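Peer 1: Return atomic coordinates for the entry below.
(one chain, ligands or ions: 1)
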Amino acid sequence: MPYSALSPNDLNAFWMPFTANRAFKAAPRMVSRAKDMHYYTPEGRALIDGISGLWCANAGHSREPIVEAIQKQAGVLDYLPPFQFGHPAAFTLANRIADLAPGDLDHVFFVNSGSEAVDTALKIALTYHHGRGEGQRLRFIGRERGYHGVGFGGISVGGMVANRKTFGPGLPADHLPSTYNRDQQAFTKGEPEWGAHLADELERIVALHDASTIAGLIVEPMAGSTGVLPPPQGYLKRLRALCDKHGLLLIFDEVITGFGRLGTPFAAERFDVVPDMITFAKGVNSGTVPMGGVLVRKGIYDSCMKGPDHAVELFHGYTYSAHPLAVAAAHAALDLYRDEELFDNARDLEPVLADAVHGLKGLPNVLDIRSIGLAAAIDLAPIAGAPGKRGFDAMNSAFHDHDILVRIAGDSIVLAPSLIVTTEQIGEIVEKTARVIKSIA
Ligand SMILES: Cc1ncc(COP(=O)(O)O)c(C=O)c1O
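Peer 2: Numbers count the residues shown, from 1 in each chain. Model prediction:
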């Protein structure tokens, strides 16, 4: 590898996404290699990966079967147009993913990211209603603190203020309240007992706009990006019942929870709720090649399959939908999930992570700790007048001084190790996190 790839001498040209660019370029956090549970800096220092890259390397990093599948595919079929042409592996992949999904979520529309998956699901919902003569159903309901990517559809239904405020009004949307209440829920493992009644806010929103104008509701079954908010017990079932009552499609955004994060293939299974669509990305191929998709119930797909046989049914798609490299990587990742029983590993290790991370209670500035599946968040008290600064300090301290990569959400530290993690590695991750919290107190 040329030296310049390991150690660039000018960081200016790359405008980094969701990054404090000036701070990064003054003190870079550079990574040049990854294997299994570890990242390596250009100097060769190993960091344990506490967040599966960005919630995506569910099978761990640079796994040989996935690497080989991508390499092989590049030499056999590098690309084909996904519009009007197909390659066999994309169809078998759609079947495999549909088999993992609950109920009659039998159809898969492939895209290249979580953001594209969300915007695609919203478009399918609009097309479905339009085709049934209910084209006035144009509004979506999301939730405060929800994250649905960065497309204009996704930020309209999303509830993270910073991601919305400079980008205009977007799609017509309204928002359920966040399910989080620290007074009622602090230091809960798994689903909090308090909060199912917040689903009933949907009734108020439906009354305000009239059900006949609302296309659907999109929620993350577990809100991830905002800092791991497991749903209150019974909450998602109530949402399902209310959507049925008012003819709203229910979309679960499982970009984070899909592919085993909560110990089941999709969170829908864990919470025993069948939504009308599921968006996925990240874990589908362990984060190796950009890919996402939307799982769609049979009835929705069937109702869209109309018009003359030669006519396109849905005017939507991407040049790289079902890209052969992404498909090959996904087959290899699904093989690993199955052969190494990684979803079971996530389920088995949930109490190990929960016990370890809840042991951080009492450390300086710790206000709350939440955990579910292989995901956890630790809320730290903000520094007065500088929201987000303590979280930023934690990420820097973790990377530079404690050999661990963590994710921050504001002043929360988020942990979500790969599903290959061991009990010992969970211990190491949490122990290093404890040292980080103390070092920035
Ligand atoms: C629930 C959810 N939806 C959508 C997205 C957007 O995915 P992407 O960054 O691949 O566009 C994310 C990313 O973290 C997510 O967590």
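
Peer 1: Just the residues contacting the one helix or strand Asp355 maps to, thanks.
Peer 2: Asp355 belongs to helix 342-358 when assigned by DSSP states H and E. When contacts are defined by Cβ atoms under 8 Å, 6 or more residues apart in numbering, helix 342-358 is touched by residues 58-59, 187, 189-190, 259-265, 336-337, 369, 371-374, 376, 378, 415, 417, 419-421, 423, 426-427, 429-430, 433. In short, each C-beta sits where N, CA and C put it, glycine included.

Peer 1: neighbours around the residue in the stretch 201-350 of the chain that the ligand sits nearest to, how many?
Peer 2: Nearest residue of the stretch 201-350 of the chain to the ligand, counting by Cβ to the nearest ligand atom: Val255, 3.5 Å away. When neighbours are defined as other Cβ atoms under 10 Å, Val255 has 28 of them.

Peer 1: residues in contact with it?
Peer 2: When the contact criterion is Cβ under 8 Å, 6+ apart, the partners of Val255 are Trp55, Gly114, Ala117, Val118, Gly149, Glu220, Gly224, Thr279, Phe280, Ala281, Lys282, Gly292.

Peer 1: quick one: which of those is most hemmed in?
Peer 2: Taking other Cβ under 10 Å as the neighbour criterion, Ala117 ranks highest of the contacts of Val255 with 34 neighbours.

Peer 1: Now the one helix or strand it maps to: buried residues?
Peer 2: For Ala117, the host element (DSSP H and E) is helix 114-131. Within helix 114-131, the residues that count as buried by 16 or more other Cβ atoms under 10 Å are 114-129, 131.

Peer 1: before we move on, what about stretch 78-89?
Peer 2: Neighbour-count burial for stretch 78-89 flags Pro82, His87, Ala89 (criterion: 16+ other Cβ under 10 Å).

Peer 1: Those residues into a markdown table, with extra columns for distance to Asn345?
Peer 2: Shown next, in a markdown table, are the buried residues of stretch 78-89 (distance: Cβ to Cβ, whole Å):
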| residue | distance to Asn345 |
| --- | --- |
| Pro82 | 34 |
| His87 | 32 |
| Ala89 | 26 |
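
Peer 1: give me the subset of the buried residues of helix 114-131 touching the ligand.
Peer 2: Filtering the buried residues of helix 114-131 for neighbours of the ligand using Cβ under 6 Å from any ligand atom leaves Gly114, Ser115, Val118.

Peer 1: Next, the contact list for the first one, please.
Peer 2: Read it as Gly114. Each residue near Gly114 by Cβ under 8 Å, 6+ apart is listed here: His148, Gly149, Asp253, Val255, Thr279, Phe280, Ala281, Lys282, Gly292.

Peer 1: secondary structure class for the first one?
Peer 2: Following DSSP: H, G, I helix; E, B strand; the rest coil, His148 is assigned to coil.

Peer 1: Run a quick neighbour tally on it.
Peer 2: Burial of His148 is recorded as 32 neighbouring residues (other Cβ under 10 Å).

Peer 1: Need the phi and psi values for it.
Peer 2: Main-chain dihedrals, His148, degrees, to the nearest 10: phi -130, psi 40.

Peer 1: pretty sure His310 is in a strand, no?
Peer 2: No. Per three-state DSSP, His310 lies outside any strand segment and is coil.

Peer 1: Over to it: give its phi and psi.
Peer 2: Dihedral angles (degrees, to the nearest 10) for His310: phi -80, psi 0.

Peer 1: which ones are touching Ala416?
Peer 2: Gly50, Ile51, Ser52, Trp55, Gly224, Val228, Ile256, Arg261, Leu374, Ala375, Ala376, Arg407.

Peer 1: what are the ranges of the helices in the stretch 251-400 of the chain?
Peer 2: For the stretch 251-400 of the chain, the helices defined by DSSP state H, counting those that start in this stretch cover 267-270, 298-304, 324-339, 342-358, 389-401.

Peer 1: Apologies, that question was intended for the stretch 51-200 of the chain.
Peer 2: For the stretch 51-200 of the chain, helices defined by DSSP H, counting those that start in this stretch occupy the ranges 52-55, 64-76, 88-100, 114-131, 152-157, 182-185.

Peer 1: Let me have those helices in a markdown table, adding mean pLDDT as columns.
Peer 2: Supplementary listing: the helices of the stretch 51-200 of the chain in a markdown table, determined by pLDDT from 0 to 100:
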| stretch | mean pLDDT |
| --- | --- |
| helix 52-55 | 98 |
| helix 64-76 | 98 |
| helix 88-100 | 98 |
| helix 114-131 | 98 |
| helix 152-157 | 98 |
| helix 182-185 | 98 |
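
Peer 1: ok so, going back, which one of the ones next to the ligand among the buried residues of helix 114-131 sits closest to the ligand?
Peer 2: If you rank those by distance to the ligand using Cβ to the nearest ligand atom, Gly114 comes first, at 2.2 Å.

Peer 1: so how far is Ser225 from that closest one?
Peer 2: Separation of Gly114 from Ser225 (Cβ to Cβ, to the nearest Å): 10 Å.

Peer 1: what does Ile440 give?
Peer 2: Ile440 is 22 Å from Ser225, by Cβ to Cβ.
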